[in-house]
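A.B. asks: Sequence first, then the predicted structure, then my questions.
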Amino acid sequence: MSTVLPQATDEAVSEKDVPAAGPEDAVAASRTVSDADGDATAPEPAAAAAPQPVERPVWLRLCFIFAGLSFFITQGLGMNLVMANIYQLQGEFSATVAEVAWLSAAYMAPYATFSIALFKIRAQYGLRPFAELSIIAFVVASCLNLFVTDLHSAIVIRFVSGMAAAPISSLGFLYILEAFPPARKFSLGFSIALTGTLLSAPIARIVSPSLLEIDGWNALYSMEVGFALISFAMIYVLKVTPPPRAKVIERMDILSYLLFAGGLGCLAVMLTLGRFYWWFETWWLGVLLATSIALLTLMAFIELPRKNPLLDLRWIFSKTNLHIIAVLLVYRAVSSEQSSTAVSFYQQLGLLNDQTTTLYALVLLATVLGGAACAWLMLTKYVDTAHVIALTLIAAGSFMDSQSTNLTRPAEMYLSQMMIAFGAAMFLPPVMSKGFAAALARGVPYLVNFITIFLFTQITGSMLMTGLLGSFVTLREKFHSNVLVENILLTNPLVAQRVSQLSGAYSHVITDPALLKAEGLALLGQQVSREAYVLAYNDTFLLISVVSALALVALLLHLAWMRIRPFLLRSDIDAAPAPQS
């Protein structure tokens, strides 16, 4: 008989994370017995003893881990292949950068919320039908990418792909957690699973150059189809233990979800495209933001009076969860140094993906090592140490990058980028393990609420931070460009000499002195713009370093207070006068 897990996306909890009367006890009454095909039958009586897990052979546990990592890579490649090649796809579709950015917006709009609906669908109709239908939908969506002929059809297919990819990451968590006993699921299992979510971004940039040389867009998505078919086979061969089924979907949930999906989808599109069309210069960006606010507000009015809401907004916005949201947003802000800012810096210098292959291979290695180090720290219960090390490495790596020049090349950023990748891999698992433990301690339905927190901070938060940092770069570039231009005067002999040197390359083609000087000034303007962008990216790297350092100081102060507080309380108790007899 297979190991029985609690009903959730990441449905188990370690003994050290939850009190004795934790989620294992809370769901014991609803445990089920699985038949040979993995379908749930009638629930066992509450008084019956919970079945003991059967120890799986090592090779089978490794197969589950490999399958889960494959699901993460398969889903992540679909999301990152476009983001990694947004400038290369301009030629493929004869479009501008802003138009190609619609591909990412179309993908993220349904992906940001679809997992919430799928969680309840899976709980009510069973895990096996959910897994089998999900992977079939994903394979079909991947194959549709091969028939794309223009940008408009690509945007439609990307929207469908975003919907189909939503359940794949949940299956990745389930398969990896299936490989571990309950005591290790929220330490070793969570570290491996969350490390798996970070692998696809560097892999996409490593394999993209060779694939684009073969057959452009079709080659990129032929590989995605291949991964989808591998995942298809794994789901049908390896069967995870299904949680018990329960009727959890109410009619009002459908309306609430549609309002929530519409609101968050509009917000996702606005955040993705805002920096390309600029926030205050395109009227429909304001319409999207207003529509998002209106839909989410209406959803809140519907959900707050309900006895069994789709989302418990009071719990989501409790003091503890607001702290978790703040920590996760800080993680998205500091990890954006590598995922978006450094990538844009390379592109501004004219570096293509084939020139950064070695860098991203080292980033991939550092990510794996960081995940392994985090797993070890969580097993030894030094969870807070992982955050201290992570913030220290990200702050130091970002500060090193802030010293870049226009001559900086990927080889000179190997160490700093590896430090950031190592730290980013250590940051997320401790936060997520505590959050899921707290949600399970209140009951299985609260997992939907915590999934909402995670999705909002990691998907919508990622788009928000990427947009804000990109906008910060643009504003700082304008500032530095104005400062540099103020000092460029043709009356300055050094400036006149530089213009003459730059225009000299065209002297054998252009004989008109006025046109020749204009060409030299144009080339000098390009160099000034490049220097302004380099300074702007240095400011952004420094900003991320300062934010990481401030977060580290706040964490150290919090840890110090948690150590001192028991002694202060004990001294207050000792100083209190004894009661009169």
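C.D. replies: Now that the structure is in, tell me what you want to look at.
A.B. asks: Now Ala261: closest residue in space, sequence neighbours ignored.
C.D. replies: Thr113 (4.3 Å; Cβ to Cβ, 6 or more residues apart in numbering). To be clear about C-beta, it is placed using only N, CA and C from the backbone, and glycine gets the same treatment.
A.B. asks: For the residue nearest the centre of the chain, give me its contacts.
C.D. replies: Centrality entry for the chain: nearest residue to the mean C-alpha point is Gln458, 4.7 Å, by Cα atoms, centre = their mean. In this structure, Gln458 makes contact with 328, 332, judged by Cβ atoms under 8 Å, 6 or more residues apart in numbering.
A.B. asks: Repeat that for Leu543.
C.D. replies: Phe472.
A.B. asks: Start at 578, not 1
C.D. replies: Got it, first residue is 578 now, which makes that one Leu1120.
A.B. asks: quick one: it from Ala1126, how far?
C.D. replies: Note on Leu1120: its distance to Ala1126, by Cβ to Cβ, to the nearest Å, is 11 Å.
A.B. asks: now swap in Ala805 and tell me
C.D. replies: In terms of Cβ to Cβ, Ala805 sits 42 Å off from Ala1126.
A.B. asks: between those two, which one's more packed in?
C.D. replies: Remark: of Ala805 and Ala1126, Ala805 carries more neighbours, 26 against 18, as counted by other Cβ atoms under 10 Å.
A.B. asks: Could I get the contacting residues of that one?
C.D. replies: 651, 712, 715-716, 719.
A.B. asks: out of these, which are inside helices?
C.D. replies: 651, 712, 715-716, 719 (DSSP state H).
A.B. asks: now those residues in JSON lines, with neighbour count, pLDDT and distance to Thr849?
C.D. replies: Converted to JSON lines, those look like this (neighbours: other Cβ atoms under 10 Å; pLDDT from 0 to 100; distance: Cβ to Cβ, whole Å):
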{"residue": "Thr651", "neighbour count": "29", "pLDDT": "83", "distance to Thr849": "22"}
{"residue": "Ile712", "neighbour count": "24", "pLDDT": "76", "distance to Thr849": "27"}
{"residue": "Phe715", "neighbour count": "30", "pLDDT": "78", "distance to Thr849": "22"}
{"residue": "Val716", "neighbour count": "18", "pLDDT": "80", "distance to Thr849": "26"}
{"residue": "Ser719", "neighbour count": "27", "pLDDT": "76", "distance to Thr849": "22"}
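A.B. asks: quick one on the thing from earlier: tell me which element the residue nearest to Ala838 is part of?
C.D. replies: helix 674-702 (DSSP states H and E).
A.B. asks: Show me what that helix is packed against.
C.D. replies: Judged by 3 or more Cβ pairs under 8 Å, 6 or more residues apart in numbering; DSSP states H and E, the packing partners of helix 674-702 are helix 635-661, helix 665-670, helix 704-721, helix 728-755, helix 828-854, helix 1023-1032.
A.B. asks: Same list (these) but as CSV, adding distance to Val784.
C.D. replies: Below are those laid out as CSV (distance: least, Cβ to Cβ, whole Å):
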stretch, distance to Val784
helix 635-661, 8
helix 665-670, 13
helix 704-721, 16
helix 728-755, 18
helix 828-854, 24
helix 1023-1032, 27
